[in-house]
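# okay, structure incoming, though there's no sequence with it:
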Ligand SMILES: NC(=O)c1ccc[n+]([C@@H]2O[C@H](COP(=O)([O-])OP(=O)(O)OC[C@H]3O[C@@H](n4cnc5c(N)ncnc54)[C@H](OP(=O)(O)O)[C@@H]3O)[C@@H](O)[C@H]2O)c1
């Protein structure tokens, strides 16, 4: 079969290659999935650059999520998904291949009315958006949430979740055209960080500072988020898109009782029992049907055009997710 191979860490457009490799063999409690599509997410690119929180041994195949059809399975859990189209949750990476073997419990059956494009991004961003806002921060109705990288696929889900569950969003973007776009989507306030002062704008809305914030950028943007927090404010750091560290004034943290925490979906999911995960999968499916956690796709590339796909995924300001087409129905 064909698979994307990473033999050394570095610039994804340079180090990734499509190679012919032996098909994986399905063991007890596992399923073998014929892959249909997988998105190129920031986490996949960080992994290839050697900058992710988890690094598999080399050579490896990237790809943390995707959609495919279960062709073979061993064990009771595998039996329930045999022949079905599933979301392929692969915390160990490896989905950018024509076939993948994963534990059966990580193959989530999908409803027929979900397109392959939507199904390819079924879990990572929807689950993170839901878990951060509803479970970890548990933002009450009427409260304000400050979020950075708000034009991202995940950021747009957070805006729609705010509309549904009644919390209000202050959205930080770095591109003028996203201001009106996110307002149309339902963002209550949109700040262009290249034009406006983030802290001043937040304090003009929440005089004593904001209670909840989530940041995927790091660096100066995250530093400004800390400065915009009010008493007992909480900031979740869930991404590092700038690659820069943030700077924190200890006095502000201790006198205002601030909490600056990390959020990583892998850690959160490891701490949940199967019933809680089942509840989350059902919640995601219901929210997909309401259009709340859908992802816009900007382009779909076949494996043969891997390099073009990577370049498109790394182009700033792109209009949606780039998907790899790994097989046909
Ligand atoms: N912790 C977790 O468990 C977890 C789970 C899921 C996702 N994430 C993180 O969530 C973030 C969003 O993921 P996604 O798939 O939704 O992303 P995406 O759709 O690929 O969008 C990325 C967005 O980030 C913006 N951006 C990139 N570099 C930036 C920088 N240096 N400064 C400011 N903005 C920048 C881009 O802005 P332009 O449009 O202006 O280029 C774009 O809007 C990523 O950091 C990802 O790693 C974390």
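Yep, it's here. If you're wondering where the values come from, they're calculated on a predicted model, not measured in any experiment.
# okay but residue 171 is in contact with residue 147, surely?
Yes. The pair residue 171 / residue 147 is scored as a contact, 5.8 Å apart, by CB atoms under 8 Å. (C-beta placed from N, C-alpha, C; glycine too.)
# give me the common contacts of these two.
Both residue 171 and residue 147 are contacted by residue 155, under the criterion CB atoms under 8 Å, 6 or more residues apart in numbering.
# ok, now which ones touch the residue in the stretch 151-300 of the chain positioned nearest to the ligand?
Here the residue of the stretch 151-300 of the chain nearest the ligand is residue 239; by CB to the nearest ligand atom that distance is 2.5 Å. With contacts taken as CB under 8 Å, 6+ apart, residue 239 has the following neighbours: 42, 149, 215, 216, 217, 218.
# please, which helix or strand holds it?
Applying DSSP states H and E as the criterion places residue 239 outside every helix and strand.
# pLDDT wise, what is it at?
pLDDT, residue 239: 97.
# ramachandran angles for it?
phi -160, psi 170 (degrees, to the nearest 10).
# same check, this time on residue 259
For residue 259, the backbone dihedrals are phi -120, psi 120 (criterion: degrees, to the nearest 10).
# please renumber the chain so that the first residue is 23 from this point on.
Got it, the first residue is 23 from now on, which makes the last one we talked about residue 281.
# and for the closest residue in space to residue 202 that isn't next to it in sequence, the neighbour number?
In space, and not counting its chain neighbours, residue 202 is closest to residue 212: 7.9 Å by CB to CB, 6 or more residues apart in numbering. Residue 212 has 23 neighbouring residues, counting by other CB atoms under 10 Å.
# just confirm residue 212 is within a strand.
Yes. Note on residue 212: a strand contains this position according to DSSP: H, G, I helix; E, B strand; the rest coil.
# what segments of the stretch 73-222 of the chain are helices?
With helices called from DSSP state H, counting those that start in this stretch, the stretch 73-222 of the chain shows them at 98-101, 138-142, 146-152, 175-187, 198-207, 220-227.
# give me whichever of the ones you listed is most buried.
helix 146-152 (a mean of 24; mean count of other CB atoms under 10 Å).
# for it, the distance to its chain's centre please.
Remark: helix 146-152 is offset 6 Å from the chain centroid, using CA atoms, centre = their mean, to the nearest Å.
# same question for stretch 43-57.
Counting by CA atoms, centre = their mean, stretch 43-57 is centred 25 Å from the centre of its parent chain.
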